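Student: Need a 3D model of the following:
(2 chains)
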Amino acid sequence: MSMDKETVRKVAGLARIQMDDAELETMAPQLSKIIDWIEQLAEVDTDNVEPLANVVNINLALREDKITDGDCADKVLANAPEDVQGFFVVSKVVE
Amino acid sequence: MSDLTHMSIAGALKGLESKDFTAVELAQAHIDAVEAAKDLNAFVTETPEIALKQAAESDKRRADSKAGALDGIPLAIKDLFCTEGVQTTASSHILEGFVPQYESTVTANLFREGAVMLGKASLDEFAMGSGNTHSYFGNVINPWKGEDGKPLVPGGSSGGSAAIVAARAAMGATGTDTGGSIRQPASFCGITGVKPTYGRCSRWGVIAFASSLDQPGVLARSTEDCALLLQSMAGHDPKDSTSAQKDVPDFAAAITGDIKGFKIGIPKEYRMDGMPDEIEKLWQQGVEWIKDAGADIVDISLPHTKYALATYYIIAPAEASSNLARYDGVRYGLREEGEDLRAMYEKTRAAGFGDEVKRRIMIGTYVLSAGYYDAYYIKAQKVRRLISEDFTKAFEQCDALLTPTAPSAAFAIGENEDDPIKMYLNDVFTVPASLAGLPGMSVPAGLNADGLPLGLQVIGRPWDEETVFKVGGVLEEKAAFTALPQSVIRKAA
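Tutor: Predicted structure coming up:
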């Protein structure tokens, strides 16, 4: 299996998704199968091939450097699970 | 009133203009049809009050001779488009209750032209799926049924959009297509679906799945109706740097029925082992129709086709894992409290995402992680270039490609669930064009032995939707597809 339970645990940590042992057990063979399947790309000769990141050859346009929005704190906070006086609230992160 | 729900968009616009009926009557007929189609579970949120209000405003505009290009046309909006003041969920628990404070560019463009919103159509969670079986809000049911009467998937991810248009409860719908999410459900539901060239429509306000692949498009019941919708949606948007600064051609005008002298390519690699006879036969039928219309058939080769799905299932999850990092329980959406910040993130995301979304985030995180990035992600981007170059070379020999849209008709809910890869194979004919950013269309072309619709796909050069519409229009005329889903026939009777 290309992804054992401990690898899956590590990746779940990187992805910030809590998974209990039972989920790790279920996930490991599923992900392994997908990884084994995508490994078929190894047989393609890609020497001297440039990676393709974006299909549209558009030069990014520059816009005038001026403020075009803002002053909408209420809208920014409208969907916040918790907010106080214009701030998002999270649990304490600094001792 | 049921006649109103069977009209084309083009026909309804004429009817509104000649005062045969009002936009309010048209909206009410569709609201009633949505109510009657409740068993399909096609909407996450229905918005009949908004529809009636917009329709009344539309009638007023028309009376004042200020009607827009789509004034009074009732549409379903895929619940991936942010709609100001209306819950937008991406069919995910993590966004349940999220009310955008702004309007996506595509929906803003549609509303600018007077379109009426019936509701927010269900989809696979974050557009990840091919059967609409991955929605937090339940499966969407295809209005078509086979002889055994089992509930079938509408396809995905734009499954709610496709089902509701096929059920004659919306005249058209927005969709998004990342690897086939418009074309495959259109094929499964017997309607027409168009994914334009990547960059033709703005992605601003479309909840992101895989940014280098996502592209808004349309589902409707004719090529002309798709053209009318796309006309209003498309165009440059300064808010999306990947939206092209190109003039939008008159798509409907391209549907002339004349493809004499055109060269249509048949990619030999799309003739797959184990492909059902009925798909092969439909494809052959399509070839005959094209020949009848005076175009030439050219055999072409897209040698890297067999690697498209694997490439897609590296690139799309990689981009998704990055895009979906924003769902952290801080700024919007679900929050599950934890003992510290990290625990809050982990619990929120564990509770908020469904299994398929988790799998894709995990795959994406893995292929982007230290030590694997070059072997998987960069490798996939290189193969993506080879796939794209295959198309470039093919288009030196032909003007458009003709292929089946999907390797099967709609399958039963529950099928293909045991193995994610089996589900992924549904997109085998649609993913390559997505990787190359090309425009594609699915046209309903016939029924299989079980009475289920099958679609043919037309793929065009970048920015050449006009040829796609032209060829699609010919297929539509030749196929003369008039079959109705059983649920629609039952209601009419």
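
Student: just the strands in the chain please.
Tutor: I'll assume chain A. A:83-84, A:87-88 (DSSP state E).

Student: please go with chain B instead
Tutor: Applying DSSP E to chain B gives strands spanning B:43-46, B:74-78, B:116-121, B:172-177, B:192-195, B:215-220, B:263-267, B:296-300, B:400-404, B:440-447, B:453-460.

Student: Need the winner for burial among those.
Tutor: Highest mean neighbour count among those (mean count of other Cβ atoms under 10 Å in any protein chain shown): strand B:192-195, with a mean of 33. Backbone N, C-alpha and C define where each C-beta goes, glycine included.

Student: Please put the alpha-carbon coordinates of that one into PDB.
Tutor: C-alpha atoms of strand B:192-195 as PDB (Å, rounded to 0.1, in the frame of the first residue of the first chain):
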ATOM      1  CA  THR B 192     -27.800  20.400 -24.100                       C
ATOM      2  CA  GLY B 193     -24.800  21.600 -22.100                       C
ATOM      3  CA  VAL B 194     -21.900  23.900 -23.100                       C
ATOM      4  CA  LYS B 195     -18.600  24.500 -21.400                       C
END
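
Student: who does it touch, helix- and strand-wise?
Tutor: On a contact count with 3 or more Cβ pairs under 8 Å, 6 or more residues apart in numbering or on different chains; DSSP states H and E, strand B:192-195 meets strand B:172-177, helix B:183-189, strand B:215-220, helix B:223-233, strand B:440-447, helix B:465-479.

Student: Tell me the buried residues in stretch B:44-55?
Tutor: B:44, B:45, B:46, B:47, B:48, B:50, B:51, B:52, B:54, B:55 (16 or more other Cβ atoms under 10 Å in any protein chain shown).

Student: go on, stretch B:76-93?
Tutor: B:76-84, B:86-93.

Student: Hmm, residue B:402 and residue B:429 touching each other?
Tutor: No. Using Cβ atoms under 8 Å as the test, residue B:429 is too far from residue B:402 to be in contact (10.9 Å).

Student: tell me the centre residue of the chain?
Tutor: Picking chain A for this. Residue closest to the average C-alpha location in chain A (Cα atoms, centre = their mean): residue A:15, at 7.0 Å.

Student: meant chain B actually
Tutor: Chain B, centroid-nearest residue using Cα atoms, centre = their mean: residue B:182 at 2.0 Å.

Student: Can you name the residues that contact it?
Tutor: B:158, B:161, B:175, B:176, B:193, B:194, B:195, B:217, B:218, B:219, B:442 (Cβ atoms under 8 Å, 6 or more residues apart in numbering or on different chains).

Student: quick one: it from residue B:137, how far?
Tutor: Per Cβ to Cβ, to the nearest Å, residue B:182 is found 20 Å from residue B:137.

Student: can you give me the helices for the stretch 51-200 of chain B?
Tutor: All helices of the stretch 51-200 of chain B, identified by DSSP state H, counting those that start in this stretch, fall at B:105-112, B:159-166, B:183-189.

Student: which one of the ones you listed lies closest to chain A?
Tutor: Taking Cβ to the nearest Cβ, helix B:105-112 is the member of those nearest to chain A, at 14.5 Å.

Student: Residues contacting that closest one, please?
Tutor: B:54, B:68, B:70, B:75, B:77, B:81-83, B:103, B:117, B:174, B:201-202, B:204-206, B:216, B:229, B:232-235, B:237, B:239-240, B:243.

Student: swap in stretch B:84-91?
Tutor: B:44-45, B:47, B:50, B:79-82, B:95-103, B:117, B:120, B:122-127, B:134-137, B:207.

Student: quick one: contacts for residue B:405?
Tutor: Going by Cβ under 8 Å, 6+ apart, residue B:405 touches B:180, B:183, B:184, B:186, B:187, B:429, B:430, B:442, B:454, B:455, B:456, B:457.

Student: pLDDT value on the residue nearest to the fourth one when sequence neighbours are not counted, please?
Tutor: With Cβ to Cβ, 6 or more residues apart in numbering or on different chains as the measure, residue B:193 is the residue that lies nearest to residue B:186, at 2.8 Å, once sequence neighbours are left out. With respect to pLDDT, residue B:193 scores 98.

Student: what does residue B:469 give?
Tutor: Model confidence at residue B:469 (pLDDT) stands at 98.

Student: Over to the one 3 residues further on?
Tutor: pLDDT, residue B:472: 98.

Student: And it, how close does it get to residue A:37?
Tutor: 33 Å.

Student: between these two, who's got more neighbours?
Tutor: Between residue B:472 and residue A:37, counted using other Cβ atoms under 10 Å in any protein chain shown, the more crowded position is residue B:472 (28 against 15).

Student: for that one, what are its contacts?
Tutor: B:192, B:194, B:223, B:255, B:441, B:443, B:458.

Student: what about 10 Å?
Tutor: B:192, B:194, B:222-223, B:226-227, B:254-255, B:400, B:440-443, B:456-458, B:460, B:465 (Cβ atoms under 10 Å, 6 or more residues apart in numbering or on different chains).

Student: where are the low-confidence patches of the chain?
Tutor: This is for chain A. For chain A, the stretches flagged by pLDDT under 70 are A:1, A:58.

Student: ah, no, chain B please
Tutor: Using pLDDT under 70, chain B drops low at B:1-2, B:492-493.

Student: residue at max distance from the center of it?
Tutor: Outermost residue of chain B (Cα atoms, centre = their mean): residue B:339, 41.3 Å.

Student: That one against residue A:91, yeah?
Tutor: Yes. Counting by Cβ atoms under 10 Å, residue A:91 is a contact partner of residue B:339 at 7.9 Å.

Student: hang on, the earlier thing: out of the contacts of residue B:405, who's nearest residue B:6?
Tutor: Ranked by distance to residue B:6 (Cβ to Cβ), those are led by residue B:186 at 18.1 Å.

Student: Now do the helices in chain A.
Tutor: A:5-14, A:21-38, A:73-77 (DSSP state H).

Student: Residue B:434: which of the ones you listed is closest?
Tutor: Closest approach to residue B:434 among the helices of chain A is made by helix A:21-38 (16.4 Å; Cβ to Cβ).

Student: Whether the closest one contacts chain B - can you check?
Tutor: Yes. Using Cβ under 10 Å from any Cβ of the partner chain, helix A:21-38 reaches chain B at A:23, A:26, A:27, A:30, A:31, A:33, A:34, A:35, A:36, A:37, A:38.

Student: Repeat that for stretch A:64-74.
Tutor: Yes. With Cβ under 10 Å from any Cβ as the criterion, chain B is reached by stretch A:64-74 at A:68, A:69, A:72, A:74.

Student: which ones are touching the closest residue in space to residue B:136 that isn't next to it in sequence?
Tutor: Ranked by Cβ to Cβ, 6+ apart and with sequence neighbours excluded, the top spatial neighbour of residue B:136 is residue B:93, at 4.5 Å. By Cβ under 10 Å, 6+ apart, the contact set of residue B:93 is B:125, B:136, B:137, B:333, B:334, B:351, B:352, B:353, B:354, B:357.

Student: Closest to residue B:19 out of the residues you listed?
Tutor: Residue B:19 has its nearest neighbour among these in residue B:137, at 38.8 Å by Cβ to Cβ.

Student: Could you report the neighbour count for whatever residue of the stretch 51-200 of chain B ends up closest to chain A?
Tutor: Per Cβ to the nearest Cβ, residue B:101 is where the stretch 51-200 of chain B lies closest to chain A, at 3.9 Å. For residue B:101, the neighbour count with other Cβ under 10 Å is 15.
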